[in-house]
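*Asks:* Could you look at this predicted model? Sequence included:
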Amino acid sequence: MAGARKNAPPREEVLAAAMRMIAERGLEQLTMAALGREVGMSSGHLLYYFHSKDELLLQTLEWSEGRLGAERGRLLTGRATARERLDAYVCLYVPDGHRDPHWTLWLEVWNRSQNADDAARDRQAAIEGVWHRDLVALIAEGVSRGEFRAVDPDRFATRLRALLDGFSIHVAIGLRGTDRAQVLVHVRELVEEGLLADA
């Protein structure tokens, strides 16, 4: 029937479309109007559901992180050694390359968080907190099994994630002289020196 309003797509379909647009066209092309055309909704209808582009981006990040979290959970609960699972964690953390869509989204949310309200900042911190807790638990398990040196798991995880974040930003923005392969070598050396070396 001409002029009839199409039923709104499920929220997950909208978020998946937003992530797909970031991957295919870049974040700068993700406007409410363009996303609306992609999912058959008006930009006003999208704003009714998401209230702002900041909220759309944060919900897209939460959705994407939920998918990554499921993958991370599978990797971390496997039968491999703690070292092997740590390598898998790092590989999942580090961007695939320049303009990696997940990291592109993270960088934008971080940038916008400077002016975000406390509730939005708490949601962002919750996402970061899950990555941190998983890493702390993995290091603690490796220490308890004698695979890793007797380090403070929380302190080591904090430092390792800071290194991963810094290198990951370089990879995601395409900083010359830093690529994924080089980052993985640097992290492997840090792990060997800080966790595996029996000083």
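*Replies:* Everything's here; your move.

*Asks:* what about residue 15, distance to residue 61?
*Replies:* Distance, residue 15 to residue 61, by Cβ to Cβ, to the nearest Å: 9 Å. No exception for glycine: its C-beta is placed from N, CA and C like everyone else's.

*Asks:* Repeat that for residue 163.
*Replies:* Taking Cβ to Cβ, one finds residue 163 at 22 Å from residue 61.

*Asks:* so what's residue 59 closest to, chain neighbours aside?
*Replies:* Among residues not flanking residue 59 along the chain, residue 15 sits closest, at 6.1 Å (Cβ to Cβ, 6 or more residues apart in numbering).

*Asks:* Quick check: which element contains the one you found?
*Replies:* Using DSSP states H and E, residue 15 sits in helix 11-25.

*Asks:* And that helix, what's buried?
*Replies:* 14-19, 21-22 (16 or more other Cβ atoms under 10 Å).

*Asks:* List the contacts of the helix or strand following that helix.
*Replies:* Next helix or strand after helix 11-25 toward the C-terminus (DSSP H and E): helix 32-39. Residues from elsewhere that reach helix 32-39, judged by Cβ atoms under 8 Å, 6 or more residues apart in numbering: 9, 13-14, 17-18, 20-21, 41-43, 45-47, 53, 56.

*Asks:* Tell me the one of those residues nearest residue 196?
*Replies:* Checking those against residue 196 with Cβ to Cβ, the nearest one is residue 20 at 39.8 Å.

*Asks:* what residues are up against that closest one?
*Replies:* The neighbours of residue 20, taking Cβ under 8 Å, 6+ apart as the test, are residue 38.

*Asks:* cool, and residue 102?
*Replies:* Residue 102 touches 19, 64, 68, 95, counting by Cβ under 8 Å, 6+ apart.

*Asks:* which element is the nearest residue to the last one once chain neighbours are set aside on?
*Replies:* Think residue 95. Leaving out its chain neighbours, the residue that sits closest to residue 95 by Cβ to Cβ, 6+ apart is residue 103, at 4.2 Å. Here residue 103, judged by DSSP H and E, is contained in helix 101-112.

*Asks:* mind listing what's buried in stretch 99-116?
*Replies:* For stretch 99-116, by 16+ other Cβ under 10 Å, it's 99-109, 112-113, 116.

*Asks:* so how far is the helix or strand of the chain with the lowest mean pLDDT off the chain centroid?
*Replies:* The least trusted helix or strand in the chain, going by mean pLDDT, DSSP states H and E, turns out to be helix 43-50, with a mean of 88. Helix 43-50 sits 25 Å away from the centroid of its parent chain (Cα atoms, centre = their mean, to the nearest Å).

*Asks:* Just say helix, strand or coil for residue 147.
*Replies:* Assigned by DSSP: H, G, I helix; E, B strand; the rest coil, the conformation of residue 147 is coil.
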